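Q: Make a model of this:
(one chain, ligands or ions: 1)
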Amino acid sequence: MEPTDMRCVVVIVFGFCCSFGKTHENKPIQTFIIPHSHMDVGWVYTIQESMHAYAANVYNSVTEELSKLKDRKFIAVEQEFFRLWWDAVASDNQKKQVRQLVKEGRLEFIIGGQVMHDEAVTDLDDQILQMTEGHGFLYETFGVRPRFSWHVDPFGASATTPVLFALAGFNAHLISRIDYDLKDTMQHNKKLQFVWRGSGSLKAQQEMFTHTMDQFSYCTPSHLPFSNSSGFYWNGVALFPDPPKDGVYPNMSLPVTKETVQAYAKTMVENIKQRAAWFRTNHVLWPWGCDKQFYNSSVQFSNMDPLMKYINQNSEEFGVTVQYATLSEYFQAVYRSDLVWEVRGSQDFLPYSTEPYQAWTGFYASRNVLKGVARRASSKLHAAETLFARYRISFPDGPVAKDWALDKLRSLRWAVSEVQHHDGITGTESPKVADMYLQHLTQAMMGVEELLAALLLLPHFLQTPGVLQRRYHRTDVQEALEQHVLIYNPLAWNITTVVNVTVTLPSAAVFDDDGQPVAAQIQTSAQSNTTYDLFMVVKLGGLQYRKYLIKFTEKPGAGKPDSYEAKRVRFERRGATDRARSGRRLVPVLNQCYELMFDRDTNLLHSVTYLPEKRRVRMTQDFWEYDANGDVKAGPISDNYVFSANGSATRAYEAAEMEIVPGKIVTEIRQYFFREESDEDYAYSITTRVPECFEATLPCHRLEQSYSLGPLRLNTEVVLRTSSSLKNDRTLYTDDNGYRMMKRTYRKFTNNTLARNYFPMVRAAYIEDELGRLVLLSDRAHGVSSQANGQLEVMLHRRLWNDLPWNLGYNLTLNDSSVVRPTLWMMLGSRNATARLHQREAIELQHRPLVMPIDQPQEPRRGKEPRETSAMLSVVLPPNLHLLSLAIPGWNYSSNHDVQLHRVHSGTDLQVEPDYDRVLLRIMHLFEEGEDQELSKPVTINLKDVLRGVGEVRALEERSLTGTWNITSLQRWKWKTADNLERKNQRCPDEDFTVTISPKEIRTFFVHFSSGNF
Ligand SMILES: [Zn+2]
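A: Residues are numbered from 1 along each chain as shown. Below is the predicted model of the structure:
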């Protein structure tokens, strides 16, 4: 049903059902049986294994069974499985049947993302990407736009999710996994449904009706007194690796027969009535399904059909009616009840505990390597998307084949989307599935590197035929005594920053594309004796790249005066227990922002003074370990999901060493931590880079730290603990998906207080007192907590094993022996000063300049080469606006909904050609209302002017977040609340391309450029 039609229905129903709420006690409970299969895109089995064992059969058999009988329905959730089936398995006839079922509204796509994304450790960029990917496919293929969510399995619920769903045009959201004690209370008080205003700045504008599943969650009750314990699962449980040849699966429920129907009906009705008591309306959502169900839909429906018929025949006696339904039908019924709903503010539901010792806060730090690769892949994708969009607009007939390029981008979009699954980036999967995600990501990244090379090399060779024959080889910067590198800034801001290139010769000088010397510094790497770090200061415009030339000399000291060879100073090893003399012999490291003091008697950080305000904060940083229990008989265990500390953390080292490498661009402090005093190899390290304010252009506030940890000893969970004199009273702030900051007040619980005070940190965390704030920014997700006044600890790595049969059976013990090297940026300053910076800094960390070593150009230079930058104008947004997306999605659907519907319903199965000319643009306001006097203001920009560097804007259409709705036709349901706040009308940009973006808004546009500008 079309949404506009739906609205009409709603209005009509209001007319005659206003007394509905009063009389429903006498009416039978209306039960919506929603057939579904929860299909994890990963977890224990790989995607290929899952397709083979059950997932393909879900869509084969559901298509067949729904086509047989008109009242049967099904909701399809994870698009990745559906698309794999659609592209590689479905026959023409099945496709025809699916189109019909979708048209009739009996097969309904819910959420519509590639996966059901995790909500705690995913970044909003990637949440948007994976939804855009799924929605693009659905709209192009079926003309449908999902309007409801089904977040039944993510481990806790973020306040960002309802905001993004609202921006995508959703009418209602559904969650399930929230704290057990909170759910009990909400259930008891009939408060499982509410209107959620997930953004403090957007408030009612992007509010979202939210349904929390009751205690039975998304599976049907499994304890039937008269059958085996498989509940209403007549098709049993899925079998791996192969489905059984005879179709007989393990644990199939007793068939519904004359003998059993009464017992089934009684159990089902009792369950329905129990649940009805927890909700305010007379409707019960009865999810029928669970993980990996409906691979044999025939046996499912052929048992449920007569059971439902029996209940409806006796509905008066039972007080219940039952019907197959899609999720939208349930929500429409609730919406029509016209009740006034309670409002929930912007608080999220993180962290999540299932019972007293089951705090699901371990996964914030599980599989650090996968979390890191996933984020790197995402930023590489962003860089490639922006470059390809610029290239297409500038050179529509350029030699980089557009279909080849889009193919590379699509592979990486797919891989980055896939890993956002709630058993993907969470690190809660089996080792082979983690390997699968890594392989998909690295393969797709390699493809995109080929694309980047082709695009970046192009302007040089535009006049040179045969550029595509030139294979790109990534060479380590070595042997050749000259090396060219291209450095690209994927952000729409001008930046001056330090880029680090790893090289194998000890002396080098750097020149820009005008042949001018570039400030550089070279030194032996902290991590290796055989490589060198070459730091160079680069200045790049927004979305611009430049070429640099590195000239090596084998003899140290022979570099140009602009490149400085830094030498290290070593400090002798100090025992951790001998602290008596600490604080007497301090070594200062200074730049214009900070004075850092390091203690020669401990080799630890001692204090940091924030110079503009002359505030000195005592501060140490070191590593601590939590001991995990591996024996289930001995007490609660930690695993992929759960963190259950065996007491407080203990110091993870007995001795520390320090080196300082003073430099002209960065001064590096290297601290090495040894488990035992006599150990030769260090267990942990911190490398801190203090930027020297080179020619006063480098930002001095950014202290970069990279760490090395691992392999860990078994059953240890390691934290980097920063202890300071800030009086934060154990309150900290952490981000929800990089979108907004959440205040986390320390809470005491009867049990498990330590683990329940852990929170996810996707991009940022900080602690503060009246005078100052300590901010940490992250290049991947971690767990974070403030366990003592002034403390901020980040869980960086975990290695675990336990003897729980369930964990062992599924290989989910997290015996992760890898070495991890995460990076954090640290800032200290007044609250005002850091508030102005931290969001932009977090984005700069995520999207650091892309460095591409390239082969030396083969042909002789023809005079002075034109500077690439002159061919590539910069694109610069105001400091509080972020260019979230500039991409060519390639989906070819009409911007006009009627035209699109006509196209998909015309009966001809079109082979759709990608649309290479429609550019997707997203701009986000980074600030909350009132956060900063200046930067929190709404910003008005003229997109034609802003995008002039990209090309001549011809037309602009404002769209919903995932692109599928024209913003003016997007009418979301307005659920009643006591305050009934008005929403402002969605409007299109002015004729002159002027757009005003308010705090925390994300605005999405299709931009059409005049082609052939150059
Ligand atoms: Zn799941």
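Q: OK, contacts around Ile75?
A: 34-36, 107-110, 150, 326-327 (Cβ atoms under 8 Å, 6 or more residues apart in numbering). (C-beta placed from N, C-alpha, C; glycine too.)
Q: In helices, which of the residues you listed fall?
A: Leu327 (DSSP state H).
Q: Tell me who's in contact with the closest residue to the ion within the stretch 51-200 of the chain.
A: Here the stretch 51-200 of the chain gets closest to the ion at one residue, Asp153, 3.6 Å apart by Cβ to the ion. Asp153 makes contacts with 38, 40, 116, 176-177, 218, 422, as judged by Cβ under 8 Å, 6+ apart.
Q: cool, and Asp71?
A: 323-324.
Q: Against Gln127, how distant is the closest residue to Arg747 other than its chain neighbours?
A: Excluding the flanking residues, the one nearest Arg747 by Cβ to Cβ, 6 or more residues apart in numbering is Asn757, at 6.5 Å. Noted for Asn757: a distance of 25 Å to Gln127, by Cβ to Cβ, to the nearest Å.
Q: And the two? Which one has more around it.
A: Gln127 (25 against 22; other Cβ atoms under 10 Å).
Q: confidence score at the more buried one?
A: Note on Gln127: pLDDT of 98.
Q: For it, pull up the helix or strand it's in.
A: helix 124-142 (DSSP states H and E).
Q: for that helix, packing partners?
A: Counting by 3 or more Cβ pairs under 8 Å, 6 or more residues apart in numbering; DSSP states H and E, the packing neighbours recorded for helix 124-142 are helix 79-88, helix 160-167, helix 368-394, helix 402-418, strand 881-887, helix 897-905.
Q: right, so these: which one is the most enclosed?
A: Compared across those, helix 160-167 shows the largest average neighbour count, a mean of 27 (mean count of other Cβ atoms under 10 Å).
Q: Show me the contact partners of the helix or strand just after it.
A: Under the assignment DSSP H and E, the closest C-terminal helix or strand after helix 160-167 is strand 172-175. If you take Cβ under 8 Å, 6+ apart as the criterion, strand 172-175 is touched by 147-152, 154, 157, 161-162, 165, 196, 208-213, 327, 331, 334-335, 349, 973.
Q: Extract the C-alpha set from strand 172-175 and format it as CSV.
A: What follows is strand 172-175, C-alpha atoms only, in CSV (Å, rounded to 0.1, in the frame of the first residue of the first chain):
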residue,chain,number,x,y,z
ALA,A,172,8.1,3.2,13.7
HIS,A,173,11.1,1.5,15.2
LEU,A,174,11.3,-1.8,17.0
ILE,A,175,13.9,-2.8,19.6
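Q: Could you identify the helix or strand that succeeds that strand?
A: helix 180-188.
Q: pull the CA atoms of that next one into PDB?
A: What follows is helix 180-188, C-alpha atoms only, in PDB (Å, rounded to 0.1, in the frame of the first residue of the first chain):
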ATOM      1  CA  TYR A 180      16.600  -7.000  31.800                       C
ATOM      2  CA  ASP A 181      15.600  -5.000  34.900                       C
ATOM      3  CA  LEU A 182      14.500  -2.000  32.900                       C
ATOM      4  CA  LYS A 183      12.500  -4.100  30.600                       C
ATOM      5  CA  ASP A 184      10.800  -5.800  33.500                       C
ATOM      6  CA  THR A 185       9.700  -2.400  34.800                       C
ATOM      7  CA  MET A 186       8.600  -1.100  31.500                       C
ATOM      8  CA  GLN A 187       6.700  -4.300  30.800                       C
ATOM      9  CA  HIS A 188       5.000  -4.200  34.200                       C
END
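Q: before we move on, back to that, in strands, which of the contacts of Ile75 fall?
A: Of the positions in these, 34-36, 107-109 sit in strands, assigned by DSSP state E.
Q: Could I get the full set of strands for the stretch 751-900 of the chain?
A: For the stretch 751-900 of the chain, applying DSSP state E, counting those that start in this stretch gives strands covering 759-761, 764-768, 773-778, 782-785, 791-799, 823-829, 850-854, 881-887.
Q: So which other helices or strands are in contact with the second one?
A: It refers to strand 764-768. Strand 764-768 packs on strand 732-736, strand 773-778, strand 791-799, helix 831-846, going by 3+ Cβ pairs under 8 Å, 6+ apart.
Q: for the one residue in the stretch 601-750 of the chain that gets nearest to the ion, what are its contacts?
A: Using Cβ to the ion, Tyr641 is the residue of the stretch 601-750 of the chain that sits closest to the ion, at 11.5 Å. Contacts for Tyr641 (Cβ under 8 Å, 6+ apart) come out as 155, 360, 362-363, 366, 426, 428.
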